[in-house]
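Peer 1: Here you go, sequence then predicted model.
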Amino acid sequence: MLLIPRYILRAHIGPFLFGTSVVMFLFLLQFLLLKLNELVGKGLGVWVITQLVTLNLAWMLVLAVPMGVLFSTLMAFGQMSSASEVTIIKASGAGLLRMMLPVLIAGAAVTYVMFWFNDEVLPDANHRAKVLLIDIQRKKPSFAVEAGQFTTQLDGYTILARSVDSSNGLMRGVTIYDRTNASGTNVVSADSGTIRFTPDYNHVIIMLLHGEIHQIFKEQAANYRKIDFEAHQIVIPASGFMLERSSEGAFSRGDREMKIADMQVVVDDARKQQVMAGEILDSVVRVHCDYLLRGKGVQSVPPDSFVPASERIVSRVSMVRNQMENSSYQFSDGEGKARQYLVEIYKKYAIPCACFVFVFIGCPLGILTRGGSFGISAAISLAFYILYWACLIGGEKLADRQLASPLAMWLANAVLGIIGLLLTFRINNESLGITVISRGVAWLKSLFTKPPAEVVADVKD
């Protein structure tokens, strides 16, 4: 009894791993291209780069797994359809839903695992990646003196070496401009010298041989001093050249770095802020309405006051307006914060659920492709993946702009879920409406199988 379910699930393993890996590779390539300028030239070790990439693999995995599920169902059921295995299983009395049952169970299991990963692992990984990236951005580029070029990486100093021996770090024809003294400038020239960091990378030590120091004073131009030396040492502060790691608690967490329980606390606090702002607003309106209608509720100004009545009216109106504006701002701020975190909460549920929804898309479409080829499966997977993310991002934008409820994050799952159920129903019942879909898929498949000349001829006809 378990032979067919095991066979179906085994047919999904290879395509699932391959599809997920390809999508993660594309995300990784995009990430490295975007961050390349921040990483190159800073002398980062292999371990630091590995940490940064590994931490960012967490969000890539969350986005890649649904694509892997869709690709694997298309490939597996496409290959089964091309080998007439679907027809054989149907002839034995099992329908499409029966064949999909083990895949649905596996999809539900993947959904649960990805939800746990999305809530427990991803927030910490995102936060640690953010902290590490901030530390990398603060690190100055790796210090190096190149022959014939001015080096300005040390604050207040400009270093020029006519030649540099890379084997021992010996510099020849060295000129150093020291502008750290506000009263003047020191120009140091030497025949040769060496440069090195202290063990803690907080200072640079320059040892110069056979040279002279020219001291120029801004306020006393006539007071010029020249000092000859055989050996001269310069110690320059050089903080920031070594990567300084910050603690994880040094930076606050954003919405994508918090668990659902933590975000729910923020939402509850925002709702309380709204309630308090609403109560204050109601109180202000009620008190001053009573004052206007019945002349009570607000302490009146003594009759012998020297303040004119017009000024008292303007002052009272201004006070009421400020109270109402402050309450309105507090209310809208609480609403915006609550929506922001509710959107992220629903997203943590919605994205893992795509693993289950894509099963209803991939299984019937895989049978329609009747080939399980890489090209057609990749094209269909990409099309539905783009549709899914367009709906997901659209729902997020509408919710953030308060044009829709935060429940709009489920829009993508709802749209693709309906499409998947219709496809599954039609394939399972062999409806006549399937002919149009089959022809469309057959035409799309021909684009990947026919030579280019035949495709052009078909389009012209």
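Peer 2: Right, received. Where do you want to start?

Peer 1: Report the distance from the longest helix belonging to the chain to the chain centre.
Peer 2: Once the chain is assigned using DSSP state H, the helix that runs over the most residues is helix 309-369. Using CA atoms, centre = their mean, to the nearest Å, the distance from the centre of helix 309-369 to the centre of the chain it belongs to is 20 Å.

Peer 1: tell me what the following helix or strand past that helix is packed against?
Peer 2: As assigned by DSSP states H and E, the chain's next helix or strand after helix 309-369 is helix 374-400. In terms of contacts (3 or more CB pairs under 8 Å, 6 or more residues apart in numbering; DSSP states H and E), helix 374-400 is packed against helix 46-82, helix 309-369, helix 411-429, helix 434-449. To be clear about C-beta, it is placed using only N, CA and C from the backbone, and glycine gets the same treatment.

Peer 1: Nearest spatial neighbour of residue 206, chain-adjacent residues omitted?
Peer 2: residue 234 (4.4 Å; CB to CB, 6 or more residues apart in numbering).

Peer 1: pretty sure the one you found belongs to a strand, no?
Peer 2: Yes - according to DSSP: H, G, I helix; E, B strand; the rest coil, the state of residue 234 is that of a strand.

Peer 1: So it sits against residue 211, correct?
Peer 2: No - between residue 234 and residue 211 there is no contact under CB atoms under 8 Å: 11.0 Å.

Peer 1: Can you pull the residues that touch both of the two?
Peer 2: Here residue 234 and residue 211 have residue 188 as joint contacts, going by CB atoms under 8 Å, 6 or more residues apart in numbering.

Peer 1: From residue 227, how far off is the residue nearest to residue 206?
Peer 2: Separation of residue 234 from residue 227 (CB to CB, to the nearest Å): 13 Å.

Peer 1: circling back: show the pLDDT at the residue nearest to residue 206.
Peer 2: Note on residue 234: pLDDT of 87.

Peer 1: check contacts around it.
Peer 2: Residue 234 makes contacts with 176, 178, 188, 205-206, 208, as judged by CB under 8 Å, 6+ apart.

Peer 1: any chance of the residues you listed in CSV, plus pLDDT and distance to residue 107?
Peer 2: Shown next, in CSV, are these (pLDDT from 0 to 100; distance: CB to CB, whole Å):
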residue, pLDDT, distance to residue 107
176, 89, 67
178, 87, 68
188, 90, 71
205, 87, 63
206, 88, 65
208, 90, 70
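
Peer 1: Name the helix or strand of the protein that has the lowest mean pLDDT.
Peer 2: Sorting the helices and strands of the chain by mean pLDDT, DSSP states H and E puts helix 452-460 at the bottom, at a mean of 47.

Peer 1: Contact partners for residue 21?
Peer 2: residue 64.

Peer 1: Okay, domains of this protein per the record?
Peer 2: With domains defined by automatic domain parsing, the chain comprises 3-139+346-460, 150-237, 256-342.

Peer 1: Tell me which of the ones you listed sits nearest to residue 246.
Peer 2: domain 3-139+346-460 (5.5 Å; CB to CB).

Peer 1: ok, which stretches of the stretch 101-250 of the chain are strands?
Peer 2: Counting by DSSP state E, counting those that start in this stretch, one finds strands in the stretch 101-250 of the chain at the ranges 150-151, 157-165, 170-178, 184-197, 203-217, 224-237.

Peer 1: Specify the stretch among those that is closest to residue 134.
Peer 2: For the strands of the stretch 101-250 of the chain, the distance to residue 134 is smallest for strand 224-237, at 22.2 Å, taking CB to CB.

Peer 1: Can I get the closest one in CSV, CA atoms only?
Peer 2: The C-alpha trace of strand 224-237 is given here as CSV (Å, rounded to 0.1, in the frame of the first residue of the first chain):
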residue,chain,number,x,y,z
TYR,A,224,60.5,78.5,9.7
ARG,A,225,62.3,75.6,11.3
LYS,A,226,64.3,72.8,9.8
ILE,A,227,65.5,69.7,11.7
ASP,A,228,67.8,67.0,10.4
PHE,A,229,67.7,63.5,11.8
GLU,A,230,69.4,60.1,11.4
ALA,A,231,66.4,58.2,12.8
HIS,A,232,62.9,59.4,13.6
GLN,A,233,59.8,57.6,14.8
ILE,A,234,56.3,58.8,14.2
VAL,A,235,53.3,57.2,16.1
ILE,A,236,49.9,57.9,14.5
PRO,A,237,46.5,56.9,16.0
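
Peer 1: so what secondary structure elements neighbour the helix or strand just after it?
Peer 2: Counting by DSSP H and E, the next helix or strand C-terminal to strand 224-237 is helix 260-294. When contacts are defined as 3+ CB pairs under 8 Å, 6+ apart, helix 260-294 packs onto helix 309-369.
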